[in-house]
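K.L.:
Requesting a structural model of the entry that follows:
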Amino acid sequence: MRDLPPTATLRAFEVATRHATFTSASEELHITQSAVSHQLKNLEEIWGLPLFQRGKSLRLTPAGAALAPIVREFFMNLEATLSDLREQKGRVRLRVSTTYSFALKWLLPRLPDLSRRHPEILVTLETTDKAINFSSAESDVAIRFGHGNYPALHSEFMFREQIFPVASPELLNRFGAPHEPAELLRYPLLTRDGADLVPKWELWFKQVGVGISALKESVRFADTNMTIEAALLGQGIALARSGHVETEISDGSLVRLFDVPFPSPVAYYFVCPKGIESQPHILSFRNWLLTESSKARQGYR
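P.N.:
Below you'll find the model as predicted:
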């Protein structure tokens with residue numbers, strides 16, 4: 001980096017690109033006009049390029065115009081990073097990996113409470129549906145959806161959801177409210193493609209004692225959140241997990257159909273590499289997370 005000039009010289013160039021004269025640039029920099037002129041001339045000599053067309057007003061040359069946004073972005077990034085680091089002083093970053101739908105629907109609404117109780121923890125959320133690989137050092141801890149088989153990791157059970165159909169009031173006004181589970185077969189049903197962990201209409205109908213040969217599908221979705229959004233728009237009835245529709249059930253934008261117990265065959269687990277679960281910031285997060293999970297279990301029965 002032999003062509004990298006002193007920071008003060010770069011700063012003089014960045015400021016000068018936003019001013020019409022050396023005088024106005026010098027006022028922002030709190031140095032003399034001649035000092036600004038000297039620094040810019042020095043920069044042109046270092047780089048071997050003319051940067052300004054001098055006259056009654058400062059005008060950038062093509063080389064100056066090409067370099068100006070790069071230098072400006074450098075200072076913007078530097079200032080933003082320094083501000084972020086000063087704000088984080090005394091805080092510990094905790095990288096939490098989980099699925100996108102769980103982060104959006106369950107964890108994110110609860111994070112303000114974590115910040116109030118543990119302001120020393122700065123959470124970074126990383127979302128993926130892939131298997132966690134702690135050896136890559138991409139995450140510190142994770143929340144995973146499965147059967148609890150994590151033999152090489154420290155794992156703790158969080159909660160198991162209930163699965164039930166949900167519909168918008170607008171759709172129920174159009175089609176009428178169903179009185180028996182079998183009546184759902186005449187409604188447009190929203191289904192999800194994907195892994196075995198996805199709630200399946202066939203299993204729910206079997207649970208309630210309804211035999212089916214074919215479903216009246218509306219649209220198939222590859223994402224849980226899209227399925228819930230389609231239900232909110234009145235496009236059909238979705239088979240939802242309780243943790244993903246807490247807000248919508250509470251505010252009445254979705255209605256739970258039939259109070260039939262159907263616990264999810266899979267559950268949520270807190271996992272991390274063995275041996276780090278008792279580190280102070282991880283222990284604080286674990287205790288908070290398991291307390292919130294205990295509250296959720298009471299509502300999902």
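K.L.:
Do you have the helices of this structure handy? List them.
P.N.:
7-16, 22-29, 33-47, 62-88, 100-102, 111-117, 169-175, 201-207, 224-232, 246-251, 280-299 (DSSP state H).
K.L.:
Point out where the chain drops to low pLDDT.
P.N.:
1-2, 87-88, 136-137, 194-197, 216-218 (pLDDT under 70).
K.L.:
Look at Gln162 and say how many residues are nearby.
P.N.:
Gln162 has 18 neighbours, counted by other CB atoms under 10 Å. (Glycine included, C-beta is placed from N, CA and C.)
K.L.:
Just give the closest residue to Tyr150, not the sequence neighbours.
P.N.:
For Tyr150, ignoring the flanking residues on the chain, the nearest one in space by CB to CB, 6 or more residues apart in numbering is Val271 at 5.2 Å.
K.L.:
Please name the bridge partners of the one you found.
P.N.:
Ala142, Ser155 (DSSP bridges).
K.L.:
just checking, it touches Ser139?
P.N.:
No. Using CB atoms under 8 Å, Val271 makes no contact with Ser139, being 9.9 Å away.
K.L.:
So for these two, which residues contact both of them?
P.N.:
Residues touching both Val271 and Ser139 by CB atoms under 8 Å, 6 or more residues apart in numbering: Ile132.
K.L.:
what sits against the residue nearest the centre of the chain?
P.N.:
By CA atoms, centre = their mean, the chain has its centre lying nearest to Leu125, at 5.8 Å. Residues in contact with Leu125 (CB under 8 Å, 6+ apart) are Val96, Thr98, Ala103, Leu107, Leu108.
K.L.:
again, only this time at 10 Å
P.N.:
Leu94, Arg95, Val96, Ser97, Thr98, Tyr100, Ala103, Leu104, Leu107, Leu108, Leu111, Ser139 (CB atoms under 10 Å, 6 or more residues apart in numbering).
K.L.:
Can you get me a residue count around the spatially closest residue to Ala230 that is not a sequence neighbour?
P.N.:
Leaving aside its chain neighbours, Ala230 sits nearest to Leu190 (5.3 Å; criterion: CB to CB, 6+ apart). Close neighbours of Leu190, defined as other CB under 10 Å, add up to 26.
K.L.:
same deal with the one 3 residues further on?
P.N.:
Applying the criterion other CB under 10 Å, we find 9 residues in the vicinity of Asp193.
K.L.:
didn't it look like it was pressed against Thr224?
P.N.:
No. The criterion here is CB atoms under 10 Å, and Asp193 misses it with Thr224 at 11.0 Å.
K.L.:
still on that earlier bit, which residues lie in contact with the residue nearest to Tyr150 in this structure?
P.N.:
So Val271 contacts 97, 132, 134, 139, 141-144, 146, 148, 150, 152-156, 277 (CB under 10 Å, 6+ apart).
K.L.:
which residue sits closest to Glu277, ignoring its sequence neighbours?
P.N.:
Ranked by CB to CB, 6+ apart and with sequence neighbours excluded, the top spatial neighbour of Glu277 is His154, at 4.6 Å.
K.L.:
residues contacting the one you found?
P.N.:
If you count contacts by CB under 10 Å, 6+ apart, then His154 has Val141, Phe270, Val271, Cys272, Pro273, Lys274, Gly275, Ile276, Glu277, Ser278, Ile282, Arg286 around it.
K.L.:
hmm, which of the residues you listed are the buried ones?
P.N.:
Val141, Phe270, Val271, Cys272, Pro273, Glu277, Ile282, Arg286 (16 or more other CB atoms under 10 Å).
K.L.:
What distance do you get for Ile46 to Ala66?
P.N.:
16 Å (CB to CB, to the nearest Å).
K.L.:
ok, now Leu4?
P.N.:
Relative to Ala66, and taking CB to CB, Leu4 is found at 17 Å.
K.L.:
now do His179
P.N.:
71 Å.
K.L.:
Please compare these two by neighbour count and tell me which comes out ahead.
P.N.:
When His179 and Ala66 are compared for neighbours, Ala66 comes out ahead with 12 against 8, by other CB under 10 Å.
K.L.:
Help me confirm that the more buried one comes into contact with Leu60.
P.N.:
Yes. Using CB under 10 Å, Ala66 is in contact with Leu60, at 8.8 Å.
K.L.:
Would you mind grabbing the residues shared as contacts by the two?
P.N.:
With CB under 10 Å, 6+ apart, Ala66 and Leu60 have common neighbours Leu51.
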